[in-house]
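Trainee: What shape does this take:
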Amino acid sequence: MSDTDPVFPAALSNYRHRKILERLFQRKSVSADELTQEFGVSKITIRRDLDALASGKFLVRTRGGAVAVSSPKLESLFDEKDHLAKREKSRIGEYVATLVAENETVFINAGSTTLEVIRHLVGKKLRVVTNNAACLSLDLDPKMELILLGGEYRPFSRSLVGEMTIGGTEHIFASLTILGINGVSLKGFTTAVQQETSVNKAMIENTSGKVIVVADHTKMNSVSSFLTCPLSRIDLLITDWLAPEAFCSELESAGLRVVRVPEEAE
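Mentor: Predicted coordinates for the structure are as follows:
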């Protein structure tokens, strides 16, 4: 890629872009001067590379270079999360809804991506058990039986948590669990709030079938505060077309099945 080449956001078929992300994964931060020397290209080219990767939310630009998005994430307000990567989350929700069979009992946890899954569950008779209080604002399909778990309401995340929430899952056995998550890394699936991690674990424990994680590209190669489960406990990760291919390949090499939902419905 020369200095006059156009920049395509998230163009991770580009060898140098993949290598930059590998450097970030190892070092957590890089400078434009370091990358210029390592790759033998101009600083203008490196700056364009970093800008392209930043536009796809694969890294965070700094004045002299970039830092990884894999540093521990603090919790964000639900409304902030709901507006982030909205289109990508909608496509994930639309795709995952096709994987839910008629008459299933499904655990779905709190979060903006799982809210999109619930939104797209139309035309099927099924039972959804959730601590996602935000779903009450949706125009739900009348065929859906919704069981809202009790517990302490957290307005920050519009979720229900605590002993009552966990106790509610102990008497329900799901055939499928769909979990939203704050961070996906080779270390496992992590969550920003300890109380929500406990609910996630309880849902997994009482699931007889598959456990699916839904996470948009901003969650990739990112570690949050509390471990929900290792990669080996999840059957399938559903992400979007902007998720770094190199990182998804690493996850698959570790034994996790990954689906990158395309930008347009097939």
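Trainee: tell me the mean pLDDT for stretch 109-125?
Mentor: Averaging pLDDT along stretch 109-125 yields 96.
Trainee: okay, that stretch in PDB with CA atoms only?
Mentor: The C-alpha trace of stretch 109-125 is given here as PDB (Å, rounded to 0.1, in the frame of the first residue of the first chain):
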ATOM      1  CA  ASN A 109     -29.000 -12.500  29.600                       C
ATOM      2  CA  ALA A 110     -28.900  -8.700  29.900                       C
ATOM      3  CA  GLY A 111     -27.200  -6.600  27.300                       C
ATOM      4  CA  SER A 112     -27.700  -4.500  24.200                       C
ATOM      5  CA  THR A 113     -26.800  -7.300  21.800                       C
ATOM      6  CA  THR A 114     -29.000  -9.900  23.400                       C
ATOM      7  CA  LEU A 115     -31.800  -7.300  23.300                       C
ATOM      8  CA  GLU A 116     -31.400  -7.400  19.500                       C
ATOM      9  CA  VAL A 117     -31.800 -11.200  19.600                       C
ATOM     10  CA  ILE A 118     -35.000 -10.800  21.600                       C
ATOM     11  CA  ARG A 119     -36.300  -8.200  19.200                       C
ATOM     12  CA  HIS A 120     -35.800 -10.500  16.200                       C
ATOM     13  CA  LEU A 121     -37.500 -13.600  17.800                       C
ATOM     14  CA  VAL A 122     -40.700 -13.400  15.800                       C
ATOM     15  CA  GLY A 123     -43.000 -15.900  14.200                       C
ATOM     16  CA  LYS A 124     -42.100 -18.800  16.600                       C
ATOM     17  CA  LYS A 125     -43.800 -20.300  19.600                       C
END
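Trainee: residues contacting residue 61?
Mentor: Contact analysis of residue 61 by C-beta atoms under 8 Å, 6 or more residues apart in numbering lists 50-51, 54. For every residue, glycine as well, the C-beta is placed using N, CA and C.
Trainee: Single out whichever of those has the smallest pLDDT.
Mentor: Minimum pLDDT for the contacts of residue 61 is recorded at residue 54 (86).
Trainee: Most neighbours of all the contacts of residue 61, which one?
Mentor: Among those, the one with the most neighbours (other C-beta atoms under 10 Å) is residue 50, at 23 neighbours.
Trainee: what's the distance between the residue nearest the centre of the chain and residue 116?
Mentor: Central residue of the chain (C-alpha atoms, centre = their mean): residue 215, 1.7 Å from the mean position. Noted for residue 215: a distance of 12 Å to residue 116, by C-beta to C-beta, to the nearest Å.
Trainee: likewise residue 33?
Mentor: Residue 33 sits 41 Å away from residue 116, taking C-beta to C-beta as the criterion.
Trainee: Have a look at the two and say which one is more surrounded.
Mentor: A side-by-side neighbour count of residue 33 and residue 116, using other C-beta under 10 Å, places residue 116 first with 25 against 12.
Trainee: what's across from residue 259 in the sheet?
Mentor: residue 238 (DSSP bridges).
Trainee: Then residue 61?
Mentor: Beta-bridge partners of residue 61, as defined by DSSP bridges: residue 66.
Trainee: I'd like the distance between it and residue 49.
Mentor: 11 Å.
Trainee: so where do the helices sit in the stretch 51-200 of the chain?
Mentor: Using DSSP state H, counting those that start in this stretch, the helices assigned to the stretch 51-200 of the chain run over residues 78-83, 86-97, 112-119, 163-169, 194-205.
Trainee: so which of the ones you listed comes closest to residue 142?
Mentor: Set against residue 142 and scored by C-beta to C-beta, the helices of the stretch 51-200 of the chain come closest in helix 112-119, at 14.0 Å.
Trainee: export stretch 97-107 as PDB, just CAs?
Mentor: Output in PDB follows, covering the C-alpha atoms of stretch 97-107 (Å, rounded to 0.1, in the frame of the first residue of the first chain):
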ATOM      1  CA  ALA A  97     -32.900 -15.600  15.900                       C
ATOM      2  CA  THR A  98     -32.800 -18.000  13.000                       C
ATOM      3  CA  LEU A  99     -30.900 -20.600  15.200                       C
ATOM      4  CA  VAL A 100     -33.700 -20.700  17.800                       C
ATOM      5  CA  ALA A 101     -36.100 -23.600  17.100                       C
ATOM      6  CA  GLU A 102     -39.900 -23.700  17.700                       C
ATOM      7  CA  ASN A 103     -40.900 -24.600  21.300                       C
ATOM      8  CA  GLU A 104     -37.500 -24.000  22.800                       C
ATOM      9  CA  THR A 105     -36.900 -22.700  26.300                       C
ATOM     10  CA  VAL A 106     -34.100 -20.100  26.000                       C
ATOM     11  CA  PHE A 107     -32.100 -18.300  28.600                       C
END
